[in-house]
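K.L.:
with the sequence up front, the predicted model follows.
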Amino acid sequence: MALGPVGQIHVSVRDVDRSVAFYRDVLGVPFLFQVPGQPMAFFQSGDVRLYLGRPESPEYTTKVVLYFRVDDIDAERDRLEALGVEFLGKPHIVHRAEDHDLWMTGLRDPDGHHLLLMEERRRVS
């Protein structure tokens with residue numbers, strides 16, 4: 001591959017402080033830092049850094065769909081619902097592989113970005 005792996009994804013937000021509170025305090029994504037005097041905040045999601053920021057001009061506005069891996073989709077949904085997060089539906093199987101099922105459920109962040117939880121659940125024989 002000529003390019004390296006994705007290092008950072010920009011997520012356009014209207015209110016950085018509100019988004020920091022949601023991604024850090026509700027979702028639990030590890031917070032790295034906010035840039036003083038700039039509408040920018042950074043989080044670490046595995047090997048990928050999430051950059052939440054207010055775009056300087058309309059052509060840099062992003063609309064993203066983020067998929068977060070979880071170990072137990074039902075427990076994570078229960079945890080987030082207890083914090084006031086509204087889900088778009090119940091966890092359900094979206095794909096059956098030879099040895100596991102892929103489960104997903106979705107929600108939206110304060111700016112309307114679709115966020116999905118995904119669990120690869122091994123089948124017990």
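P.N.:
Ah, there it is. Just so we're clear, the structure is a prediction, and the values are computed from it rather than from any experiment.
K.L.:
for the chain, which spans come out with low pLDDT?
P.N.:
Within the chain, the segments meeting pLDDT under 70 span 1, 125.
K.L.:
the strands in it, which residues?
P.N.:
Here the chain has its strands, by DSSP state E, at 8-12, 31-34, 40-45, 48-53, 65-69, 92-96, 100-108, 114-122.
K.L.:
export the ones you listed as JSON lines, with columns for mean neighbour count and distance to R24.
P.N.:
(C-beta placed from N, C-alpha, C; glycine too.) Output for the strands of the chain, formatted as JSON lines (neighbours: other CB atoms under 10 Å; distance: least, CB to CB, whole Å):
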{"stretch": "strand 8-12", "mean neighbour count": "16", "distance to R24": "13"}
{"stretch": "strand 31-34", "mean neighbour count": "13", "distance to R24": "4"}
{"stretch": "strand 40-45", "mean neighbour count": "17", "distance to R24": "7"}
{"stretch": "strand 48-53", "mean neighbour count": "18", "distance to R24": "10"}
{"stretch": "strand 65-69", "mean neighbour count": "13", "distance to R24": "14"}
{"stretch": "strand 92-96", "mean neighbour count": "11", "distance to R24": "28"}
{"stretch": "strand 100-108", "mean neighbour count": "16", "distance to R24": "16"}
{"stretch": "strand 114-122", "mean neighbour count": "17", "distance to R24": "14"}
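K.L.:
which of those strands sits closest to E76?
P.N.:
In terms of CB to CB, the element of those nearest to E76 is strand 114-122, at 5.7 Å.
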